[in-house]
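Novice: here is my input; please provide its structure:
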Amino acid sequence: MKKRLVIISTLLLVSLNGCGREQHEAADNKQEEIMTEIKTEAVTMETDSTQPVRPDGNSADNNTSGTDTKTEEDGIMEQIIKDVYTDKARYDIGEMVEAYVELESSDTELVMEISVRHLTEEVYHTDLNLSASDSESTQTIQIPMPADDFKGYSLEVYALRDGKVVDYEMSAIEVASDWSKFPRYAYLTRYGEQTDEEIQETLERLNKHHITGLFFYDVLNRHEKPAAGTAEEPAAGWHTLANSYASYETVSKLIDYGHTYHMNSYLYNLIFGAYEDYEESGVKPEWGLYRDASHEEQDYHGDFVDSWATKRLYLFNPADREWQDYYLGVTEEALTIFPYDGIQVDSLGGRGVLYDYDGTAVELKDTYTSLLNRITDELDTRVIFNPVSGYGMMETLNDTDYDIVYEEVWPWETGTYGSLKAEVDYLRGRMNDDTGIVIAAYMDYQKRDGVFNTPGVLLTDAALMSAGAAHLEIGDTGMLKSEYYPGDTLRINDTLTAALRNYYSFFVAYENYLRDASWKDVLLRTYINDKAAAMDAKQNAIWVTTKENDAGEQVVSFINLKGVDSLEWVDNHGEQKEPEKQENLTVLQHITFTPEHIYLASPDIQEGIMTELSFETGEDSEGTYVTFTMPELNYWNMVVIK
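Specialist: Numbering: from 1, shown residues only. Next up is the predicted model:
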């Protein structure tokens, strides 16, 4: 916060709008057309201020730079509020929120305003009178929340002296009966002996990012026997595939303590893998997948380094009934020993021509659904599936009761910011429900040391979040840079640390305007400073996407690609440049209804606190429009038109 300090697959190459290609091309042909033919006299809608919306109409300056959103140039001369966060990542309906405000030192009396808002509707407000004796303390506030399910709220805290805002912070609150509509996922890889303090430190960090799901990567005893020991006598510890030590007590506490934050936990395993000596565990070669029709060469994944627990993971037919029975049995044992909320089931993509033991050809992508459904039905647990590279996605997407849709993307199959949005749209358009989407995208993939590159990470987050998908990126080691989660990673510097807190809070506070399945893309042209904005991600442009819902609302996302080096999200060597800051942008946005309010919010500006903008309405040859001024654009702005 402080500025100074499911179903996984690989992306498919799909066009931004699919069948809307002709409409896009027609719109792009107007790129240089001057806005003319204004048919009605513009009507000006004035608002009181373009500053953060506050209960008393007072406001803080909104001049900011990059992601370091509070500087002396803003008139914020004091650092009074150290941090703002809550005791849980998600709240059940009727559950009381406990919010914490950590204060820096101050030698005078202050008023601290706490406001909770859904968009700009204030649902809670209180004032606290603070004296010098409250310096360097943590204030605790009990907040009752509305009984509305699946709603995000901004939690805004202002420090005032003599009626003037001298500092502010924003966090977020989610009220949701389940995590699966608006999931936020993080990974875990460290299961060795840990103190309670160390476990809590990890989970508290993730809680401050509002994480609601934990992915227990490489926690298995063996793939064909995920839990060591028995349900009656679990082992005190075991070694994982990479031969790292895992403690029963640590794993249990990570799950249990995670539940206190309302974080779900998921055991990770392949759908069809076993160690080389699998027969000692009771697995039979007759259940296997083979590269030949005479079952002489069993398919495998691996050739791992000698220090690992097995050299290879041999593969089995997910549709084989006896393999399914065995898999369900050992999975049930693991779920009996540990209170996981579900299992994240992995695959390995297409494997070429395969056969079962009897020599019958196997179409691997058609083998997954029956086992996945047996897991949910017979074990009464949740399932997330990973059809790697999209192999098996369409065969399972709507025929399996997934907890979330979770997709792993690869830069060599789809490489651009625009492709990220295209794939999220592709998934959402083919889903039968409003299950949430999480995308795993590994940043700075070929960078060997140093720190993650802030511009590359934030542009990727902006592309995903504006499309309505969460980004699997943070976890107990910091942030992912490759598909092997326990591997060496890069450091997160103070700038990115602060920015990520802002982005995650922004994502929760405005989740109903970013992630709800009721929003649909619409092709309405936007002009910026009299030039048509880019409707797809283009270099040296401002990328604009527009969504509408049936309630007569519009959400417009502006992603700044001015001055960036590349449109490739992976930012392989961490060299992506920060976009060139844009100021005082005159926006003409076409609309399909008569608006009453226009709001601006950005994770890069004012902690994400929403601002109301003045605007004018008019008509041209393309229809009705509004015009307004965006004071600045760093990485990503969201405009809500109501």
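
Novice: pull the distance from the helix or strand containing Glu423 to the chain's centre.
Specialist: With secondary structure defined by DSSP states H and E, Glu423 is part of helix 417-430. Distance of helix 417-430 from the chain centroid (CA atoms, centre = their mean, to the nearest Å) equals 14 Å.

Novice: how about that helix as PDB, C-alpha atoms only?
Specialist: C-alpha atoms of helix 417-430 as PDB (Å, rounded to 0.1, in the frame of the first residue of the first chain):
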ATOM      1  CA  TYR A 417      -1.800  -8.100 -24.200                       C
ATOM      2  CA  GLY A 418      -4.600  -8.300 -26.600                       C
ATOM      3  CA  SER A 419      -4.400 -12.100 -26.800                       C
ATOM      4  CA  LEU A 420      -4.900 -12.200 -23.000                       C
ATOM      5  CA  LYS A 421      -8.200 -10.400 -23.300                       C
ATOM      6  CA  ALA A 422      -9.200 -12.400 -26.300                       C
ATOM      7  CA  GLU A 423      -8.700 -15.700 -24.400                       C
ATOM      8  CA  VAL A 424     -10.600 -14.500 -21.400                       C
ATOM      9  CA  ASP A 425     -13.500 -13.400 -23.700                       C
ATOM     10  CA  TYR A 426     -13.300 -16.800 -25.500                       C
ATOM     11  CA  LEU A 427     -13.700 -18.700 -22.200                       C
ATOM     12  CA  ARG A 428     -16.400 -16.500 -20.900                       C
ATOM     13  CA  GLY A 429     -18.300 -16.700 -24.200                       C
ATOM     14  CA  ARG A 430     -18.300 -20.500 -24.000                       C
END
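
Novice: in the stretch 251-400 of the chain, where is pLDDT below threshold?
Specialist: For the stretch 251-400 of the chain, applying pLDDT under 70 flags no range at all.

Novice: returning to what we had before: list the buried residues for the helix holding Glu423?
Specialist: Tyr417, Gly418, Ser419, Leu420, Lys421, Ala422, Glu423, Val424, Asp425, Tyr426, Leu427, Arg428 (16 or more other CB atoms under 10 Å). Using the backbone N, CA and C atoms, a C-beta is placed for each residue, glycine as well.

Novice: against which helices or strands is it packed?
Specialist: strand 405-408, strand 437-440, helix 454-467, strand 542-548 (3 or more CB pairs under 8 Å, 6 or more residues apart in numbering; DSSP states H and E).

Novice: now the residue lying closest to Val640 once chain neighbours are set aside: which helix or strand?
Specialist: Taking CB to CB, 6 or more residues apart in numbering, and ignoring the residues beside it in sequence, Val640 has Tyr599 as its nearest neighbour in space, at 4.5 Å. Per DSSP H and E: Tyr599 is located in strand 598-601.

Novice: which elements pack onto that strand?
Specialist: Looks like strand 598-601 contacts strand 611-613, strand 623-633, strand 636-641 (3+ CB pairs under 8 Å, 6+ apart).

Novice: can you do 10 Å?
Specialist: strand 554-560, strand 582-590, strand 611-613, strand 623-633, strand 636-641 (3 or more CB pairs under 10 Å, 6 or more residues apart in numbering; DSSP states H and E).

Novice: who does it pair up with?
Specialist: strand 611-613 (antiparallel), strand 636-641 (antiparallel) (DSSP bridges).

Novice: and after the shortest one, which helix or strand comes next?
Specialist: It refers to strand 611-613. According to DSSP H and E, the helix or strand after strand 611-613 is strand 615-620.

Novice: returning to what we had before: the residue nearest to Val640 touches Met638, doesn't it?
Specialist: Yes: Tyr599 lies in contact with Met638 (CB atoms under 10 Å); the separation is 8.5 Å.

Novice: okay, and the common contacts of those two?
Specialist: Residues touching both Tyr599 and Met638 (CB atoms under 10 Å, 6 or more residues apart in numbering): Tyr510, Tyr513, Val555, Met610.

Novice: burial count for the third one?
Specialist: Pointing back at Val555 there. 22 (other CB atoms under 10 Å).

Novice: flag the shaky bits of this protein, pLDDT-wise.
Specialist: In the chain (pLDDT under 70), the answer is 1-77.

Novice: domain-wise, how is it divided?
Specialist: Domain assignment for the chain by automatic domain parsing gives 24-50+518-641, 72-175, 185-514.

Novice: of these, flag the one that's most buried.
Specialist: Using mean count of other CB atoms under 10 Å, the stretch among those with the largest mean neighbour count is domain 185-514, at a mean of 20.

Novice: so how far is that one off the chain centroid?
Specialist: 15 Å.

Novice: now do the same end-to-end measure for that domain.
Specialist: One end of domain 185-514 sits 17 Å from the other (CA to CA, to the nearest Å).

Novice: do stretch 480-494 as well
Specialist: End-to-end distance (CA to CA), stretch 480-494: 17 Å.

Novice: now swap in stretch 264-284 and tell me
Specialist: So stretch 264-284: terminal residues 34 Å apart, CA to CA.

Novice: helix, strand, or coil at the residue lying closest to Gly436 once chain neighbours are set aside?
Specialist: Leaving aside its sequence neighbours, Gly436 sits nearest to Pro183 (CB to CB, 6+ apart; 4.3 Å). Under DSSP: H, G, I helix; E, B strand; the rest coil, the three-state class of Pro183 is coil.

Novice: ok, now how distant is Pro183 from Pro486?
Specialist: Distance check for Pro183 against Pro486: by CB to CB, to the nearest Å, it reads 23 Å.

Novice: now swap in Ala309 and tell me
Specialist: 14 Å.

Novice: so what sits against both of the two?
Specialist: Contacts common to Ala309 and Pro486, judged by CB under 10 Å, 6+ apart, are Thr240, Leu241, Ala242, Ser244.
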